[in-house]
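> I'd like to go over a predicted model; first the sequence, then the structure.
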Amino acid sequence: MRSRSWLFGCCALVAGAMAAEAPTDTIVGQADSADACLVVGSAKQAQWSQTPMMIRESRFYSDRITRVSEVYFSDNHAYGRYLGNSWNTEQMLVPERRFRSPEAAAQAMRIDDCRLVGPAQSDQPAHLYSFSYMPDTDGSRSTGGMVIADKSGLPLEQDIVINKENPDPRLPVKISATFAYGDAVMVPRDAKRAEYERRLHAQQFLLSLQNGHGGLGL
C-alpha cells in the first residue's frame, strides 16, 4: 500500500494491507500460542474488510500528555484527524487495506507468544488475547492485547504497551484503541466536507495542467 503519512501518523494501528484475496473464515480460539496468533490475525483480517469502520485511538506519553485521534473508513475513503485538528482524507478502497490471510495479518503485526487470557469485560460476549511484539532494534519487546467479539470475530479493543529502558519522550509509552463497525459508525459531516474539498482541489489541479498552467492556478 502506498505511503499515507497523515494516516499512519494519526493512527498507529492502521497497518498496510497486502494484496486482496478472498477473506477466510474466522478461526476459532485455540489454546497454544501459534493458534492464538492466528485468531488475532483472523480478527485483523476480518476487521480490514469491514465498511464502514471507525478507530478511536489514544496515545499516552511519559509526560502525561494524551493525544486522541479518530479514523473512519468507508468503501472508498479514509478520514482521519487528531481531536481539535482539521480532517485529512484519502481515497482508499477496501482491497487496498485488506489482508490476504490471517497469517499475513499476524506477520504484518509482528506478533508472537500469543495467549488466550479468558473472557473480557465488554458489552457483548468477547475474549481477551495477549501477545508480544517481535524485538525492536534495541532488543526491547512491547506487549499488546486485543478483545475479540465471540459472535463476529472482530476486534473491539486493542492495547500496546511500549517497553523501553530509555523511552523517547516524543513517542507514546502506551496506545489504546476502540473499534466500531457498520450501523454504529457515521462519518462526521466535516470529514465528508474535507473529502469534497480534496476532490475539488484535485480536479482544479488537473484542469490547470490541461490548460498549460502547471497546476499553479495561474
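Nice, I can see it. Numbering: from 1, shown residues only.

> buried stuff in the top helix by length along the chain?
When the chain is scanned for its longest helix (criterion: DSSP state H), the result is helix 189-210. Neighbour-count burial for helix 189-210, with 16 or more other C-beta atoms under 10 Å as criterion, is recorded at A191, K192, A194, E195, R198. C-beta: built from backbone N, CA, C; applies to glycine.

> cool, stretch 77-89 as well?
Using 16+ other C-beta under 10 Å, the residues of stretch 77-89 that count as buried are H77, A78, Y79, G80, R81, Y82, W87, N88, T89.

> Stretch 54-73 too?
Applying a neighbour-count criterion of 16+ other C-beta under 10 Å, the buried positions in stretch 54-73 are 54-61, 67, 69-73.

> So which residues of the protein form strands?
For the chain, strands defined by DSSP state E occupy the ranges 53-60, 66-73, 77-82, 88-91, 111-119, 126-133, 143-149, 155-161, 174-181.

> So which of those is nearest S208?
strand 88-91 (19.9 Å; C-beta to C-beta).

> Now do the closest one: which elements does it pack against?
When contacts are defined as 3 or more C-beta pairs under 8 Å, 6 or more residues apart in numbering; DSSP states H and E, strand 88-91 packs onto helix 5-10, strand 77-82, helix 189-210.

> Let's have the buried residues of stretch 77-89 in TSV, adding pLDDT.
Rendered in TSV, the data for those read as follows (pLDDT from 0 to 100):
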residue	pLDDT
H77	89
A78	92
Y79	93
G80	93
R81	94
Y82	94
W87	93
N88	91
T89	91
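
> Please identify which pair of the residues you listed lies farthest apart.
Within the buried residues of stretch 77-89, two members stand farthest from each other by C-beta to C-beta: H77 and Y82, at 18.3 Å.

> Please report the distance of Q203 from D113.
When distances are taken as C-beta to C-beta, to the nearest Å, Q203 and D113 turn out to be 50 Å apart.

> Could you do V68 as well?
Applying C-beta to C-beta, one obtains 29 Å for the distance of V68 from D113.

> likewise G144?
If you measure G144 against D113 using C-beta to C-beta, the figure is 10 Å.

> Where does pLDDT dip in this structure?
Low-confidence segments of the chain, defined by pLDDT under 70, span residues 1-31, 212-218.

> Could you rerun that using 90?
Regions of the chain meeting the criterion pLDDT under 90 cover residues 1-34, 63, 77, 90-93, 95-98, 135-141, 163-171, 194-218.
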